[in-house]
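Undergrad: Sequence and predicted structure are below.
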Amino acid sequence: MIEAINKIIDRVEGFAMIILMLIATVIAIVQVIARYVFNNSLYWSEETVLYSLIIMSFLAGSMGVRYAAHICVEVLHVFAGPRLAKILKVIAALLGLLFAVSLLYYGGRLFLNTLNMGQLSPAMRIPVAYIYLVIPVSAFFMLMRYLWIFKTLVQNRDYEPLRMDISST
């Protein structure tokens, strides 16, 4: 079941990243054209691009878990034997789970507190809580990823992250 959830998360993250990158790029280009060609600025464009980049950053945290792209100390695995290396991987997965749970909890509290305050963004006048919602959502995605890694390691299998290359091999 966790594998199926991870495949769904893969698709959601990939689609969201493409859409957010497209939005940020198109709006930035339109803003430059509006400012320098028509001598008129779009008041909401900077905020939209900023929020798109923030959302992409949090989603990239979960994708970093899936692709094993987060910083790690790989030299310990080289000097440790296979048994100790496995224990280190399990400890790292447990620490990742702890981080994801705390991010989910505190991000959820931030979202609810901001929603209750009714704070609006300066330019677009949308509730800022909706921007903060990406924190618990990406934390949930990370939690699912770390659960999958932990389950894989406990079952004495090697965790195989997705490959980042685009070659056909």
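TA: Cool, got the structure. Numbers count the residues shown, from 1 in each chain.
Undergrad: quick one: the helices in this protein?
TA: 2-36, 45-66, 75-79, 82-117, 128-132, 134-154 (DSSP state H).
Undergrad: most packed of those?
TA: Sort those by mean neighbour count, taking mean count of other CB atoms under 10 Å, and helix 134-154 sits at the top with a mean of 20. All C-beta spots, glycine's among them, are computed from the backbone N, C-alpha and C.
Undergrad: That helix packs against which elements?
TA: Helices and strands touching helix 134-154, by 3 or more CB pairs under 8 Å, 6 or more residues apart in numbering; DSSP states H and E, are helix 2-36, helix 45-66, helix 82-117.
Undergrad: what's the first one packed up against?
TA: Identification of packing neighbours for helix 2-36 by 3+ CB pairs under 8 Å, 6+ apart yields helix 45-66, helix 134-154.
Undergrad: and of these, who's closest to A93?
TA: helix 134-154 (4.2 Å; CB to CB).
Undergrad: between the closest one and helix 45-66, how many degrees?
TA: Orientation check (axes from the mean of the first three to the mean of the last three CA atoms, to 10 degrees): helix 134-154 against helix 45-66 gives 10 degrees.
Undergrad: hmm, who's touching helix 134-154?
TA: The contact list for helix 134-154 (CB atoms under 8 Å, 6 or more residues apart in numbering) reads 2-3, 5-6, 9, 13, 54-55, 58-59, 61-62, 65-66, 86, 89-90, 93-94, 96-97, 99-101, 103-104, 107-108, 110-111, 158-159.
Undergrad: how does it look with 6 Å?
TA: 2, 5-6, 9, 55, 58-59, 61-62, 65-66, 89-90, 93, 96-97, 100, 103-104, 107-108, 111, 159 (CB atoms under 6 Å, 6 or more residues apart in numbering).
Undergrad: Quick one: residues contacting the residue nearest the centre of the chain.
TA: In the chain, the C-alpha nearest the mean C-alpha coordinate belongs to L59, at 2.0 Å (CA atoms, centre = their mean). Each residue near L59 by CB under 6 Å, 6+ apart is listed here: 13, 16, 138.
Undergrad: mind redoing it with 8 Å?
TA: 13, 16-17, 20, 134, 138, 141.
Undergrad: min pLDDT across those residues, which one?
TA: Among those, E13 carries the lowest pLDDT, at 90.
Undergrad: how about the helices and strands packed on helix 134-154 in a markdown table, adding distance to F150?
TA: Formatted as a markdown table, the helices and strands packed on helix 134-154 follow (distance: least, CB to CB, whole Å):
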| stretch | distance to F150 |
| --- | --- |
| helix 2-36 | 10 |
| helix 45-66 | 11 |
| helix 82-117 | 4 |
